[in-house]
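# I would like to see how this sequence folds:
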Amino acid sequence: MRSLRFERAGTTLTALMRDGAGSPLVLVPGVMADAESWRPVVDSIHLPNPVIVVNRRGRAPSGPLGRSYSVRTEIDDLNLVLDELREDVHLFGWSYGGLIAVETATERYDLRSLTLYEPVATPFAAEYVAHLREAGARGDFDRAVEIANRDISGLSADDVTELRRSPAWSSLVRLAEPLAEELAAVNQHSPALGRYPSVDVPVTLLVGERSEGGFPYGKPFALFAGALPQARTVRIAGQGHLAHVHAPDLLGKHITDAVVR
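I've put the predicted structure just below:
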């Protein structure tokens, strides 16, 4: 994969791209993830199309979140990236990236498809923003990852212990610095739900079998499903919110299927 670079209002934005032919597929990750961490999913997307994974701001080598950061900041960033590609695109977003993707989709007429994997929206774990900010002020991003997985995502103590022993933990710690402000931004943003039915392209909603109807991702997923009556819902067998970590091959297949449907 090769690097792409964009500039918006003095902030550098980057992405990784797998070359190909046809309309690009643009992936927008959520929190505690960057383009590199989604490489195993890209490797399992069996399409001839170019695949581009956005390194949202707050992830090196992209620039920092910046002052007055908000979901609107992310929408404007993504609009710039899509404008500079100058092609119709297939758009995918996971978690916070799903919120950014669908909000952006309501403002564009050059999409070929939209796929959302467990997007989130307010109200979502707002009570933990202060705890995450406190951990960040101490530079204790290990604690921030623990809060995100144990308190917010509801993983068991055993699951968190197992995750801490895995190679993924150090990457999560590295990517946790912007987490508090990203979570604050989610909770300060009012999604344009009334505009979602006007997204006039094939829409696929992906939900992990273990997430649907459960805490904490089932409720926001139901919100998006209700606001997107044109969407097809696909369940990811045996998975929750982190299929890109636990089953990248399976997630890649579902993304492939959504694009070629």
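
# make sure residue 39 is indeed in a helix.
Yes: counting by DSSP: H, G, I helix; E, B strand; the rest coil, residue 39 is part of a helix.

# which residues touch the closest residue to it other than its chain neighbours?
Distances taken as C-beta to C-beta, 6 or more residues apart in numbering put residue 1 closest to residue 39, at 6.8 Å, once the chain neighbours are dropped. (Glycine included, C-beta is placed from N, CA and C.) Listed by C-beta atoms under 8 Å, 6 or more residues apart in numbering, the contact set of residue 1 reads 16-18, 39, 42, 53.

# now residue 205
115-116, 221, 224-225, 228, 231-234.

# from these, which land in strands?
115-116, 232-234 (DSSP state E).

# from these, pick the one nearest residue 188.
residue 116 (20.4 Å; C-beta to C-beta).

# and the residue of the chain most remote from its centre, how far from residue 158?
Most distant residue from the mean C-alpha position of the chain: residue 138, 26.4 Å away (C-alpha atoms, centre = their mean). Per C-beta to C-beta, to the nearest Å, residue 138 is found 26 Å from residue 158.

# please apply the same query to residue 2.
40 Å.

# mind showing which ranges of the protein have poor pLDDT?
Applying pLDDT under 70 to the predicted model, the chain contains no residue that meets it.

# and the strands in it?
2-8, 11-18, 25-28, 51-55, 89-94, 111-117, 203-208, 232-236.

# roughly how far out does the third one sit from the chain middle?
Using C-alpha atoms, centre = their mean, to the nearest Å, the distance from the centre of strand 25-28 to the centre of the chain it belongs to is 9 Å.

# in it, what's buried?
25-28 (16 or more other C-beta atoms under 10 Å).

# repeat that for stretch 25-44.
Buried, per 16+ other C-beta under 10 Å, within stretch 25-44: 25-35, 37-39, 41-42, 44.

# stretch 80-98 too?
80-82, 85, 88-98.

# which of those residues sits closest to residue 252?
Nearest member of these to residue 252, counting by C-beta to C-beta, is residue 92, at 10.8 Å.

# now the closest one: closest residue in space that isn't a chain neighbour?
Using C-beta to C-beta, 6+ apart, the closest residue to residue 92 is residue 115 (4.4 Å).

# surely the one you found touches residue 206?
Yes: contact between residue 115 and residue 206 holds when scored by C-beta atoms under 8 Å: they sit 6.6 Å apart.

# list residues touching both of those two?
Joint contacts of residue 115 and residue 206 (C-beta under 8 Å, 6+ apart) are residue 258.

# list the contacts for the closest residue to residue 96 other than its chain neighbours?
Nearest residue to residue 96, sequence neighbours excluded (C-beta to C-beta, 6+ apart): residue 30, at 3.9 Å. Neighbour list for residue 30: 93-98, 120 [criterion: C-beta under 8 Å, 6+ apart].

# can you redo those residues as a markdown table with distance to residue 195?
Formatted as a markdown table, these follow (distance: C-beta to C-beta, whole Å):
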| residue | distance to residue 195 |
| --- | --- |
| 93 | 16 |
| 94 | 21 |
| 95 | 21 |
| 96 | 19 |
| 97 | 19 |
| 98 | 16 |
| 120 | 18 |
